[in-house]
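In: Need the 3D shape of this:
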Amino acid sequence: MKTLTSTSLKPYHTFGLELNAKEIVEANTVEDFLLVWAQKPSEPKLIVGEGSNLLFCEDFDGTVILNRLKGITVRETKTEWFLHVAGGENWHDLVKWTVENHMPGLENLALIPGLVGSAPIQNIGAYGVELKAHCDYVDVLMLDGGHTDRLSALECEFGYRDSVFKRQLKDKAIVTGVGFRLPKQWQPVLGYGALSQLQDKENLTAKDVYDMVCEIRREKLPDPKKIGNAGSFFKNPVVTKCLADRLLAAHPNMPCFYVNDAEVKLAAGWLIDQCGLKGHRVGGAAVHNQQALVLTNADKATSKDVVTLARQVVDTVHRQFGVKLEHEVRFMGRNAETDLEAACQR
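Out: Residues are numbered from 1 along each chain as shown. This next block holds a predicted model:
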């Protein structure tokens, strides 16, 4: 385990806000995690990958542990590839590696920021594919007993941007590795957005899908290395069919996706855009000019700037459409995870 000399959080979360932790350490082995818990039993602790889904609302009065577990192993049968990937591996690098090594299946999830260990927590998804579609198992370190367990995909209880790691196992388990099952009989997923353009392409490959996903994301989403952001700030809301029908009557071009007979998923970015909020600023924080779903650190924003902007977006969308947006980004307070409502009261 390595303790860093600097306590600045700016390099370790993609919003790039000027905040600090009490201490920052790197965990290169499972034993490193256990050591931190043994040495600091009562101190607040936070596991961070690349901080691509975090908003620090204030200085963190505890220890931030950077997940640096590494390694990829592959096993194959006549019909499938089985990958075991350590939690500290970069997600996009994994997707790129599978495409380059002709193991398709993850290409729709290209350029999603973060580490492999964060992927099952959020059940990351994009362009019609979610992690759960190819997750075989998740290995976790159980902090109460210091032992490792392997959870099946079913036991992970994956939902829309949700999993057991956000509920029963929150703050109780650390994802140390993820198992993937990739069928050799590849079936491209092209039903979402611009990917439908590839449906008539002859000799379509996973590389074609990967390239288009990367092109779309680079055009729509700001590079966090150039402008601080945490990707999609809000979840796409799921509403009743009754409400969706009323909104469609007033807005026939409103994008929506039927979840089942009773529920409809709306596009949060479209709702925000229709409120005229693209480019809207609070201090140094701004709604991105090209993708309204993204809030950015446009010019030395403070955490208060971002929180206030998020509050204005939520309130404006609710007034205009009667839809309550929920933030996808995790809010971190001084001692523990918090939420927009609590952060606004600080």
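
In: any weak-confidence spans in the stretch 101-250 of the chain?
Out: Along the stretch 101-250 of the chain, no part satisfies pLDDT under 70.

In: which residue ranges form the strands in it?
Out: Along the stretch 101-250 of the chain, counting by DSSP state E, counting those that start in this stretch, strands occupy 125-126, 129-130, 135-142, 147-152, 173-183, 228-232, 238-240.

In: Comparing the ones you listed, which comes out most buried?
Out: For the strands of the stretch 101-250 of the chain, average neighbour numbers computed from mean count of other CB atoms under 10 Å are highest in strand 228-232, which has a mean of 24. (C-beta placed from N, C-alpha, C; glycine too.)

In: Starting from that strand, tell me which strands it pairs with and how they run.
Out: Paired with strand 228-232 in the same sheet, following DSSP bridges, are strand 294-297 (antiparallel).

In: can you pull the buried residues of the helix or strand just after the strand it pairs with?
Out: Using DSSP states H and E, the helix or strand that follows strand 294-297 in sequence is helix 303-321. For helix 303-321, the neighbour count (16 or more other CB atoms under 10 Å) marks 303-310, 313-314, 316-317, 321 as buried.

In: returning to that earlier point: what's the closest of the strands of the stretch 101-250 of the chain to residue 47?
Out: strand 173-183 (5.7 Å; CB to CB).

In: Could you pull up the mean pLDDT of stretch 4-23?
Out: Stretch 4-23 shows a mean pLDDT of 94.

In: ok, now stretch 326-340?
Out: Summarised as a single mean, pLDDT over stretch 326-340 is 93.

In: and what of stretch 281-298?
Out: Stretch 281-298 shows a mean pLDDT of 95.

In: Give me the residues contacting it.
Out: Stretch 281-298 has contacts (CB atoms under 8 Å, 6 or more residues apart in numbering) with 15-17, 219-222, 227-234, 268-270, 272-273, 277-280, 299-302, 304-306, 308-310, 312-313.

In: Let's see that with 6 Å instead.
Out: For stretch 281-298, contacts defined as CB atoms under 6 Å, 6 or more residues apart in numbering pick out 15-16, 220-222, 227-229, 232-233, 268-269, 272-273, 277-280, 299-301, 305-306, 308-309.

In: Drop anything exposed from these.
Out: 15-16, 221-222, 227-229, 232-233, 268-269, 272, 277-278, 280, 301, 305-306, 308-309.

In: Residue 25 against residue 3, yeah?
Out: Yes: counting by CB atoms under 6 Å, residue 25 sits close enough to residue 3 to count as a contact (5.0 Å).

In: of those two, who's got more company?
Out: Shown here are residue 25 and residue 3; by other CB atoms under 10 Å, residue 25 has more neighbours (21 against 10).

In: Quickly list what the more buried one is bridged to.
Out: Residue 25 forms beta bridges with residue 3, residue 65, as assigned by DSSP bridges.

In: which residues touch it?
Out: With contact set as CB under 6 Å, 6+ apart, residue 25 has these partners: 1, 3, 65.

In: Could you export those residues as TSV, including distance to residue 248?
Out: Shown next, in TSV, are these (distance: CB to CB, whole Å):
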residue	distance to residue 248
1	55
3	55
65	46
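
In: Closest to residue 161 out of those residues?
Out: residue 65 (23.3 Å).

In: residues contacting that closest one?
Out: 25, 27, 36, 47.

In: gap between it and residue 143?
Out: 11 Å (CB to CB, to the nearest Å).

In: same check, this time on residue 46
Out: The gap separating residue 46 from residue 143 is 13 Å, by CB to CB.
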